[in-house]
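Enquirer: model the structure of this input:
(chains A and B)
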Amino acid sequence: MSDAKAVADRLVKAKRLNALLTPPKDLRKSLLAQAAAARPTGVLYGMPIAVKDNICTLEFTTSCGSRILEGYQSPFEATAISKLKAAGALIAGKTNCDEFAMGSSTEHSAYGRVVHPLDKSRVPGGSSGGSAALVAAGAVPAALGSDTGGSVRQPASFCGVVGIKPTYGRVSRYGLVAFGSSLDQIGVFGRSVHDAARVLSVISGRDSRDSTCEDRDPLRLPTVPESLQGFVIGLPREYFPPELDPAVRRACDRAIRMMKELGAAVREVSLPHTAYAVPTYYVIAPAEASSNLARYDGVRYGPRFDGSADIRALYRATRGQGFGAEVRRRILIGTYVLSAGYYDAYYRKAQQMRALIAQDFRNAFDRGVDLLFTPTVPSPAFKAGEKLNDPISMYMSDIFTVTANLAGLPAISLPIGRVKGLPIGGQLIGQAFLEDEMIEAAYALERVVPATDEA
Amino acid sequence: MSQTGQHWETIIGLETHVQLRTKSKMFCGCSTAFGAPPNTQVCPVCLGLPGALPAANGAAIGLAVRGALAFGCTVHPRSIFARKNYFYPDLPKGYQISQFDQPLATQGTLSFVSPERGAVTATIVRLHLEEDAGKSIHDRFPKATAVDLNRSGVPLIEIVSGPDLRSPAEARAYLQTLKQLLEYIGISDCDMEKGSLRVDANVSVRRVGETVLNTRTEVKNINAFSFVEKALTVERDRQIALVESGGSVTQQTMLYDSKENTVRPQRSKEESHDYRYFPEPDLPPLILTPEFVAEQQSELPELPGQKRERFMAQYALSREHATVLTASRAVADYFENVVRAPAEPQAAANWVMTEALADAKDHQEQLRVAPGALAQIIALVKGGTLSNQAAKRVFGEVAAKGGDPRTVAESLGLVQVADTNVLSGWVTDVLGAHPTEVARYKNGEVKLMPFFLGQVMRASKGKADPKLAQRVLEEKLSA
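Expert: Predicted coordinates:
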């Protein structure tokens, strides 16, 4: 079982990133046991896959990067994990993340920030920063994350790896600790489109335990195309504003040119409600979060922060001390927007806007566009601490990713170049349940784009 | 009526929570069986563990639809589950999955007999599906509250009446009829003591003639059927006294204390002011196809009202008798089995309503005499073999020990003597023993006949056929 040992060694070597929450000893022991039990006939046999710490596993604890679930051992595992194991994959430890997936830098973890693999002064993005960093560092070929507003694609862009957020309902959420239930999807990081796509194909498909998971067969992987002949790629003008980082624009322009050279028809389109996406998202996601996180009350599991006999005092102490500042902020926002008297002005309005945003996409697709191409994030990885005290600026780094969550669409980020050594990602947004087309185009682009060259 | 002689009207609306009779819970596969050791019928879903998700129980949805149809509700092809958010230790997720602005069904009715107003039709404003919370147990451990989550996630329907009830007694009658209906259609056992039927009441008062609805209070913690009327009376009287002394009713929740027979306001701490309802994102809209609704309709048995009308028409029974006989499905079925055995319907009705129900009342509601046996007893009376009196003894004996009624009657020596020779002997003895009465009778005091008959019955130890005995007496006295 030297393979399992080598896997463990590689992961432990990446320790400086603070990307892995599983103690090395536990990791080694579990990997050996898993390798011994893995099914040799599985399509992912022996493939180590790191898993974001908000996905329930039997092998390791699930803390969601939070104090309030410190040491929490789930008695069941996520459907996605069961499917990976059935395919012979090894669960290669749990990765650090923003607390309950709330953040865009992996600085909001109760277990310390994750370091960008290429520049220790920078953030790897978030909230699935630990998973992105480990894949970027070559410690694992693939990792699972979760994407509620961009939490897979944004760190994939920052770290220079591939990140896929599937269509809402493509992958079971059973065992994914809920943040914004109507937006959450488990997503995949890979060194290549192929690595990410084959993991996605394994974890996709129906699950009776998740009523929002579509009754569909697992995703079938497309072959790598010779060209992009016949593809119509839309460029939403709202995603290329004048203030866009020039290097990001240069990288996108280069990728667009290459897609044209591959035979794709490229066409400008408009998604007029894009400007409202971030505010809409920051009403809906916190509203759902405020309810989803109500269960962490110190009564049944997790640490209790007060011995007081008064239940209200117990709630206050446990939730006050167990949650970090960003989580508390979002619970407050969510509680506020759902309150009597404010519901119509905020939550209902946001739902209406969400419908308009989804309609924008349908309109574009109805006019013959197959896929949309956009930058994944407006800028390369920012410095640690840079946006920590400016939540709005932090939230704006999701500006190009939240729309796919609001509309429930699949999207992929892949590296399309670098600026001063820092990776830049390009995003393809596909039509619902047409991940195969999206992946096909990503294969083609990946093959020609100089991903590690300066743009 | 109150001390000052003013007439008051009470306005009551009831919110009834009924546990549906399913094997498994509303959103997971855990058992709903009552009485298991605490926290043994639980799983990640009903414990609200991180990462668990609900999946709706189709059987519960079917039963809820049946309930809605029984009230004649409009069943909506699309309804929405919603989260009702509040913190409580026995609510593991911090929210209850319920339905809010788009419930399963609306606009039904329930007709019942009010003790004051006769036939009343109350509106059923809405009927929706939800899950139960767990149970907080405050008296098990000193200074601590224990939580049992076996009940967490058990399927419930909430049935909300309009403000259509006008007295505590009427509320009780409404609830009785509602319970009867739900038991009839078999969707719940409606056992208040096991908590499978719970009721909260909205109460307000106004002076007779007023048409406005005044501020109401919500009375909770009415945990037995017998407390419904008491709790509502206490609250009504409290409100009347308050208004008459110049005060005004404030909207609040009152908790009923059955030991003291009082109500007290719930502490504001215990109250949840804002449930922050929003659509449950973990569950898609509940879509009911016309086929599914039709299937539930076909599963409905004959409803009590329909059955009552049929009994009146088919068996020529009075409304009163038909009402008693259709009060429960078991009794109605029993009655019809006696008739089919066969027996004459009115006689069967009389026997079921008196002897059978009285016996059942003393024996855990068991109808102990088989329908065929009761039909036989009725036949023995009709054929003159048993007196009514003797038949009741036979009924009691068959109920207690079983057996064939005729054999039982014979072994008890209760078979009537209809042999004129034997009867003549008893009559001769009686007349011989009472010469004075004989003389008076012959002088026109015919009212003495029952006296002679009684004496004959006594002499025969109750075995004489009374009709025949009277005939023999008349013959001998006129001789």
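
Enquirer: what residue in chain A comes nearest to chain B?
Expert: Residue nearest to chain B within chain A (Cβ to the nearest Cβ): A:A294, separated by 2.4 Å. Where C-beta positions appear, they are placed from N, C-alpha and C, glycine not excepted.

Enquirer: separation between that residue and B:F87?
Expert: Computed as Cβ to Cβ, to the nearest Å, the A:A294 to B:F87 distance reads 7 Å.

Enquirer: cool, B:Q239 as well?
Expert: Distance, B:Q239 to B:F87, using Cβ to Cβ: 31 Å.

Enquirer: over to B:V438?
Expert: In terms of Cβ to Cβ, B:V438 sits 90 Å off from B:F87.

Enquirer: next one: A:L235
Expert: With distances taken as Cβ to Cβ, A:L235 is found 48 Å from B:F87.

Enquirer: again, but for A:V266
Expert: According to Cβ to Cβ, A:V266 stands 53 Å off from B:F87.

Enquirer: what's the pLDDT at the residue of chain B positioned farthest from its centre?
Expert: Distance to the chain centre peaks in chain B at B:A479, reaching 59.0 Å (criterion: Cα atoms, centre = their mean). Each residue has a pLDDT score; the one for B:A479 is 76.

Enquirer: any idea how far chain A is from it?
Expert: 92 Å (Cβ to the nearest Cβ, to the nearest Å).

Enquirer: where do the strands sit along the stretch 151-300 of chain B?
Expert: In the stretch 151-300 of chain B, strands defined by DSSP state E, counting those that start in this stretch lie at B:155-161, B:197-207, B:217-222, B:253-257, B:262-265, B:278-279, B:286-287, listed in chain order.

Enquirer: look at residue 97 and give its secondary structure.
Expert: No chain in the question, so chain A it is. Classification of A:C97 by DSSP: H, G, I helix; E, B strand; the rest coil places it in coil.

Enquirer: look at chain B instead
Expert: Here B:I97 is recorded as strand under three-state DSSP.

Enquirer: residues of chain B that sit close to chain A?
Expert: B:44, B:47-56, B:83, B:85, B:87, B:89, B:92-95, B:143-145, B:147, B:269, B:274, B:276-278, B:281-284 (Cβ under 8 Å from any Cβ of the partner chain).

Enquirer: quick one: low-confidence parts of the stretch 201-350 of chain B?
Expert: B:268-272 (pLDDT under 70).

Enquirer: for residue 431, what are its contacts?
Expert: No chain in the question, so chain A it is. By Cβ atoms under 8 Å, 6 or more residues apart in numbering or on different chains, the contact list for A:Q431 reads A:F365, A:D370, A:L371, A:L409, A:P410, A:E437.

Enquirer: that's the wrong chain, I meant chain B
Expert: The contact partners of B:L431, by Cβ under 8 Å, 6+ apart, come to B:V438, B:F452, B:L473, B:K476, B:L477.

Enquirer: out of those residues, what pair is the most spread apart?
Expert: Pairwise distances across the contacts of B:L431 peak at 10.4 Å for B:V438 and B:L473 (criterion: Cβ to Cβ).

Enquirer: circling back: deepest of the strands of the stretch 151-300 of chain B, which one?
Expert: When those are scored by mean count of other Cβ atoms under 10 Å in any protein chain shown, the highest mean neighbour count falls to strand B:155-161 (a mean of 24).

Enquirer: and it, average pLDDT?
Expert: 98.

Enquirer: which elements pack onto that strand?
Expert: strand B:8-19, helix B:58-70, strand B:118-131 (3 or more Cβ pairs under 8 Å, 6 or more residues apart in numbering or on different chains; DSSP states H and E).

Enquirer: so which residues make contact with that strand?
Expert: Against strand B:155-161 from outside (Cβ under 8 Å, 6+ apart): B:13-20, B:22, B:25-26, B:32, B:57, B:60, B:63-64, B:67, B:71, B:98, B:104, B:110, B:122-132, B:174, B:178.

Enquirer: okay, A:A294 and B:F87: which has more neighbours?
Expert: Higher neighbour count among A:A294 and B:F87: A:A294, with 23 against 16, using other Cβ atoms under 10 Å in any protein chain shown.

Enquirer: in a strand, that's where A:S146 is, yeah?
Expert: Yes. Under three-state DSSP, A:S146 sits within a strand.

Enquirer: next one: it from A:T79, what distance?
Expert: Distance of A:S146 to A:T79, given as Cβ to Cβ: 13 Å.

Enquirer: which ones are touching the nearest residue to A:Y239 once chain neighbours are set aside?
Expert: In this structure, A:Y239 finds its nearest non-sequential neighbour in A:T374, 3.9 Å apart by Cβ to Cβ, 6 or more residues apart in numbering or on different chains. By Cβ under 8 Å, 6+ apart, A:T374 lies in contact with A:L235, A:P236, A:Y239, A:F240, A:C252, A:F400, A:G426, A:Q427, A:I429.

Enquirer: from A:R153, how far off is the last one?
Expert: Per Cβ to Cβ, A:I429 is found 10 Å from A:R153.

Enquirer: before we move on, what about B:E320?
Expert: 75 Å.

Enquirer: cool, and B:S167?
Expert: According to Cβ to Cβ, B:S167 and A:R153 sit 65 Å apart.

Enquirer: same question for A:L219.
Expert: Between A:L219 and A:R153 the distance is 17 Å, computed by Cβ to Cβ.

Enquirer: these two: which is more packed in?
Expert: A:R153 (34 against 23).

Enquirer: quick one: low-confidence ranges for chain A?
Expert: A:1-2, A:307-309.

Enquirer: would you mind putting the contacts of B:L431 into CSV with secondary structure, distance to B:L386 and neighbour count alongside?
Expert: CSV is the format used below for the contacts of B:L431 (DSSP: H, G, I helix; E, B strand; the rest coil; distance: Cβ to Cβ, whole Å; neighbours: other Cβ atoms under 10 Å in any protein chain shown):
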residue, secondary structure, distance to B:L386, neighbour count
B:V438, helix, 30, 17
B:F452, helix, 22, 22
B:L473, helix, 21, 22
B:K476, helix, 25, 15
B:L477, helix, 27, 16
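
Enquirer: would you map the helices across the stretch 351-479 of chain B?
Expert: B:357-362, B:371-382, B:388-401, B:405-411, B:420-433, B:435-442, B:449-459, B:466-478 (DSSP state H, counting those that start in this stretch).

Enquirer: check those for me and report the most buried one.
Expert: Highest mean neighbour count among those (mean count of other Cβ under 10 Å): helix B:371-382, with a mean of 21.

Enquirer: of all the strands of the stretch 151-300 of chain B, which one is nearest A:G65?
Expert: A:G65 lies closest, by Cβ to Cβ, to one member of those: strand B:278-279, at 25.6 Å.

Enquirer: partner strands of the closest one, with direction?
Expert: Here strand B:278-279 has these sheet partners by DSSP bridges: strand B:81-85 (antiparallel).

Enquirer: next up, the contacts around the residue of chain A closest to chain B.
Expert: B:N85, B:F87, B:K93, B:G94, B:Y95.

Enquirer: at 6 Å instead, please
Expert: A:A294 makes contact with B:G94, according to Cβ atoms under 6 Å, 6 or more residues apart in numbering or on different chains.
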